[in-house]
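> Any chance you can model this:
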Amino acid sequence: MSARHSPADHIAYGSLDAYREFIAETLAGAEIHARIGQSYVEAGNDAGLEYSVRCLIANVRAAASILAELKKSKAEQTERRTPAPDRYPATDNLEVRA
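Presented below is the predicted three-dimensional model:
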């Protein structure tokens with residue numbers, strides 16, 4: 001019996017690399033369905049072609065959805081890394097005269 005693995009065991013879990021890995025997997029699936037669809041075209045199998053196209057579209061939609069999440073996460077990380085502006089920047093350059 002194999003040992004159980006949790007998603008946290010994966011090195012990319014919770015990182016931008018996890019998004020990229022999922023996108024790569026779904027694009028690979030899209031490529032497979034596109035090739036199978038071409039075979040169905042050559043064979044004249046319209047039912048198989050329709051199924052392949054539906055699967056291809058599902059893979060591309062999934063990749064596009066996760067790409068949007070990747071971009072959102074990158075923007076959030078950039079915001080967290082950007083130093084917060086000073087509270088009172090207008091008063092920072094004031095001179096005190098005696």
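
> Going by C-alpha atoms from here, please, whenever you check contacts or count neighbours.
OK.

> by contact count, what packs against the longest helix seen in the chain?
Counting by DSSP state H, the longest helix found in the chain is helix 46-81. Helix 46-81 sits against helix 16-43, with contacts defined as 3 or more Cα pairs under 8 Å, 6 or more residues apart in numbering; DSSP states H and E.

> Give me the buried positions along the longest helix of the chain.
48-49, 52-53, 55-56, 59-60, 62-63, 66-67, 70 (16 or more other Cα atoms under 10 Å).

> now do stretch 27-42
Buried, per 16+ other Cα under 10 Å, within stretch 27-42: 27, 29-30, 33-34, 36-38, 40.

> In CSV, list those residues along with pLDDT.
Putting the buried residues of stretch 27-42 into CSV (pLDDT from 0 to 100) gives the following:
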residue, pLDDT
Leu27, 97
Gly29, 97
Ala30, 98
His33, 98
Ala34, 98
Ile36, 98
Gly37, 98
Gln38, 98
Tyr40, 98
